[in-house]
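# the following comprises the amino acid sequence and a computationally predicted model.
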Amino acid sequence: MPAAALRFVVSPIFIPFNAFAATCAVSPVNSNSSTVKVWAALAVQHAAVLYRRVEDLATLMSHLRADCLQALPYSTILMLHPREIWAGDLHCQAHWGPEDIAAECWLEAASALQLPVTELAMDFEVHSSSEGHWLAQCRACPKSLVETYLAQLKVLDLQPDAITCASQMDELGLAWGLQPGVMAEAFRLPHMDELPGHYFNLFKEDKPC
């Protein structure tokens, strides 16, 4: 029986620069910075779940591949951090069709981010509000941000099947059959007074999820 494909979700995390009392395990940054970016990834295969947090993406994926003891094939999802994404709601007019809603969402995102439409990466979902009106929930970021991350992943032979954001992690965890809270734990910020050795420790769970 062939081995089940590994599924990865990879995300940057922006942690406070002074998050740890001891010297932080991440690479040194300018002392004027209020946060520093690290990377986290969660991997699932059968009932096995593991995750790591590391200071750079290449090291993270190298460790995960060694931990998983598996190579290709696998599926990868890139999850953007909340601070990297603009999110907004657009109240749709009754006479708008699907194309009108899409156009208005693009314009709303462009105005919020002060970028031309051609420089945006944007997605939206339309729901019915409690008042019975249509509401478009929009999420957008600079296209250059996505392109930069995709280029970094490509160097590591990773091709994301989807790009999502942290607000969708509960839905992703449910789709992957994870216990509630596992996804949030993997991509959380450090706890107060938490030591770097604990925060950057490998988590591995071999029990059924």
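Looks like it came in fine.
# end to end, how far does stretch 192-201 reach?
Using Cα to Cα, to the nearest Å, one end of stretch 192-201 lies 16 Å from the other.
# ok, and for it, which residues are buried?
For stretch 192-201, the neighbour count (16 or more other Cβ atoms under 10 Å) marks 196, 199, 200 as buried. C-beta: built from backbone N, CA, C; applies to glycine.
# show me where pLDDT drops low in this protein?
1-5, 21-33, 68-74, 206-209 (pLDDT under 70).
# helices of that one, residue ranges please.
For the chain, the helices defined by DSSP state H occupy 57-68, 98-113, 143-155, 169-175, 182-186, 196-199.
# then the fourth one to CSV, C-alphas only?
Once non-C-alpha atoms are left out, helix 169-175 reads as follows in CSV (Å, rounded to 0.1, in the frame of the first residue of the first chain):
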residue,chain,number,x,y,z
MET,A,169,-7.7,27.9,9.9
ASP,A,170,-10.7,26.5,11.8
GLU,A,171,-12.3,25.5,8.5
LEU,A,172,-9.0,24.0,7.3
GLY,A,173,-8.5,22.0,10.5
LEU,A,174,-12.0,20.6,10.2
ALA,A,175,-11.5,19.6,6.6
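# ok, and for that helix, which residues are buried?
Buried residues in helix 169-175, counting neighbours by 16+ other Cβ under 10 Å, are found at 169, 172, 173.
# and these as a markdown table, adding distance to residue 137?
A markdown table is the format used below for the buried residues of helix 169-175 (distance: Cβ to Cβ, whole Å):
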| residue | distance to residue 137 |
| --- | --- |
| 169 | 16 |
| 172 | 17 |
| 173 | 20 |
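# follow-up on the earlier one: can you tell me which of the helices of the chain is packed in deepest?
helix 182-186 (a mean of 18; mean count of other Cβ atoms under 10 Å).
# what packs against it?
Under the contact criterion of 3 or more Cβ pairs under 8 Å, 6 or more residues apart in numbering; DSSP states H and E, helix 182-186 touches strand 35-45, helix 169-175, strand 203-205.
# ok, of the buried residues of helix 169-175, which one's closest to residue 163?
residue 172 (11.8 Å; Cβ to Cβ).
# surely the closest one meets residue 77?
Yes - with contact defined as Cβ atoms under 8 Å, residue 172 counts as touching residue 77 (7.0 Å).
# overlap in contacts, those two.
9, 164 (Cβ atoms under 8 Å, 6 or more residues apart in numbering).
# how much space between the residue nearest in space to the middle of the chain and residue 171?
By Cα atoms, centre = their mean, the chain has its centre lying nearest to residue 79, at 1.7 Å. Distance, residue 79 to residue 171, by Cβ to Cβ, to the nearest Å: 11 Å.
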